[in-house]
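>>> next input, structure requested:
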Amino acid sequence: MSSRKSNARAITVELIMFFTYAFFAVNWIAGTTLTTEIMEFFHLESYASATLISNAITVAKIIGNFLAAWFLVKLLPKKAIGFASFLIVAGCAMAVFAQQYAMFIIGRFVMGFGGALYVVYFSPMVVHYFSPEQRPAVNAANGVAYNLGSIIALIIVAPIIHWLQTWQYSMAFFAAISLVLFILWLVAGEDFPINQTTANDKTDNGSFIEDLKKPFNWIFPFTYSGLLMLYIVVLTMFPQAQLSNVNSSTLSTLMAVGGIIGSLLAIALSKKYSKRLPVIRLCGIVMTVMAFVMFNVTIPFVSYLSALLLGILMFLPVTSLVSIPQELPGMTPEKITRTMGLFWAISYIIETIVYFLLGKVVEAQGGSFQGALNIAAVLSLTFFIGSFLLPETRKDG
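Numbers count the residues shown, from 1 in each chain. Okay, the predicted model is just below:
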């Protein structure tokens with residue numbers, strides 16, 4: 001690999017990318033918060049129409065994840081990451097100026113597509129700019145970017161809406177911040193070799209087809225899919241279940257705060273302990289247990305505590321998980337982009353299918369969420385099971 005870039009350059013690039021993705025989350029959550037106002041503007045009478053937004057982001061994520069490596073190869077890192085950042089801004093702008101609901105949906109799709117590209121591009125950036133010793137801490141920070149955006153949104157979205165009055169002005173305000181970050185990337189971003197291994201000058205001539213034949217690229221997303229599905233179920237189905245007097249906004253905040261705490265603990269742990277699988281294994285089994293407690297105990301305090309602990313347990317091991325492909329032999333920025341693109345796409349495909357089936361369970365049980373929630377807890381065991389199937393990439397510690 002080429003000589004390591006200056007520490008200042010690495011930190012600058014990391015900060016711009018981190019806050020770009022964090023404010024992608026702010027933009028997205030602002031749009032979700034403004035659903036009622038948006039429905040009124042477009043004269044929508046049912047939330048069935050509003051669900052098109054969620055479907056648009058899901059499709060955008062999957063397509064964007066699959067195409068991320070292609071854009072990286074064609075455009076090279078500076079333009080590829082800049083393109084993803086531009087799509088976030090452009091999607092926001094399209095939504096703000098939309099006069100028809102169809103155009104609003106397209107805008108959200110474009111924005112989601114940009115976010116899907118962006119999350120994949122964290123890995124090649126980490127592989128290029130940071131040493132193996134630094135990567136766990138940077139991975140932990142990147143893993144919590146969306147959660148930080150969630151917390152920022154929960155704090156500032158309501159006051160901004162109150163200040164600017166209309167949903168268009170409010171969304172435009174947050175889009176302007178993303179525009180500033182896009183301009184900063186144009187100034188500070190740079191290209192770097194994407195097909196050199198971290199160990200020598202051999203090039204990576206692989207392809208998506210070859211990657212799909214590798215068991216690791218299926219085991220890796222299978223492991224994460226249960227955690228991803230549980231996270232989404234906790235934020236969507238659980239508040240609707242009304243199992244206790246739980247405030248869904250507080251629940252979301254506690255999950256986000258738990259995610260930040262978990263990521264900080266991951267950074268601290270990486271300095272003391274380097275093995276990957278034991279962390280994934282322990283957190284995986286305890287996470288499932290805590291999910292059962294949360295779904296079956298109706299005491300509000302227990303629900304809130306469980307949400308905080310689940311946030312911690314979900315984000316603490318993710319650093320170890322995403323470090324594994326970065327530490328595989330012969331890894332390159334291009335190869336890690338393909339690997340992470342498949343990882344996110346397959347994870348979301350599994351999650352989307354399972355979430356749909358859980359919805360059918362709710363319908364079959366007359367609108368009761370209890371059975372679906374407990375099934376989600378059981379399926380989160382993929383994280384624990386995967387810890388016995390993945391390779392251990394760090395032998396010391």
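>>> going forward, measure contacts between C-alpha atoms and count neighbours the same way
Noted.
>>> tally of neighbours for Asn332?
Careful, residue 332 is Thr; it's not Asn. Using other Cα atoms under 10 Å, Thr332 has 26 other residues around it.
>>> now it: how far from Ile106?
34 Å (Cα to Cα, to the nearest Å).
>>> cool, Leu184 as well?
Distance, Leu184 to Ile106, by Cα to Cα: 26 Å.
>>> repeat that for Thr35.
Using Cα to Cα, Thr35 is found at 16 Å from Ile106.
>>> run through the stretch 151-300 of the chain and note the low-pLDDT ranges.
Residue ranges of the stretch 151-300 of the chain with pLDDT under 70: 196-206, 243-249.
>>> now the closest residue to Ala256 other than its chain neighbours: which helix or strand?
Distance criterion Cα to Cα, 6 or more residues apart in numbering; nearest residue to Ala256, sequence neighbours excluded, is Asn147 at 5.0 Å. Assigned by DSSP states H and E, Asn147 belongs to helix 145-164.
>>> so for stretch 134-143, what's the average pLDDT?
For stretch 134-143, mean pLDDT rounds to 89.
>>> other SSEs contacting the longest helix seen in the chain?
Identified as the longest helix of the chain according to DSSP state H is helix 47-97. On a contact count with 3 or more Cα pairs under 8 Å, 6 or more residues apart in numbering; DSSP states H and E, helix 47-97 meets helix 7-33, helix 101-129, helix 167-188, helix 333-364.
>>> mean neighbour count and distance to Leu76 added to the ones you listed, as CSV?
Below are these laid out as CSV (neighbours: other Cα atoms under 10 Å; distance: least, Cα to Cα, whole Å):
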stretch, mean neighbour count, distance to Leu76
helix 7-33, 20, 15
helix 101-129, 25, 11
helix 167-188, 19, 13
helix 333-364, 21, 10
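>>> nearest to Ala377, of those helices?
With Cα to Cα as the criterion, Ala377 lies closest to helix 333-364 of those, at 11.5 Å.
>>> helix or strand right after that closest one?
Following helix 333-364 in sequence order, the next helix or strand is helix 370-379 (DSSP H and E).
>>> now do the helix or strand just after that next one, average pLDDT.
Scanning forward in sequence from helix 370-379 by DSSP H and E, the next helix or strand is helix 382-386. Helix 382-386 carries an average pLDDT of 97.
>>> against which helices or strands is helix 382-386 packed?
Judged by 3+ Cα pairs under 8 Å, 6+ apart, helix 382-386 is in contact with helix 216-241, helix 277-296.
>>> can these go into CSV with extra columns for distance to Leu76 and mean neighbour count?
Putting these into CSV (distance: least, Cα to Cα, whole Å; neighbours: other Cα atoms under 10 Å) gives the following:
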stretch, distance to Leu76, mean neighbour count
helix 216-241, 23, 21
helix 277-296, 33, 21
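>>> what's the burial count for Ala90?
Here the number of neighbours of Ala90 (other Cα under 10 Å) works out to 20.
>>> and it, what does it touch?
Going by Cα atoms under 8 Å, 6 or more residues apart in numbering, Ala90 touches 107, 110-111.
>>> out of those residues, who's nearest Gly226?
Gly226 lies nearest to Met111 out of the contacts of Ala90, by Cα to Cα, at 25.6 Å.
>>> contacts only, for the closest one.
Each residue near Met111 by Cα under 8 Å, 6+ apart is listed here: 87-92.
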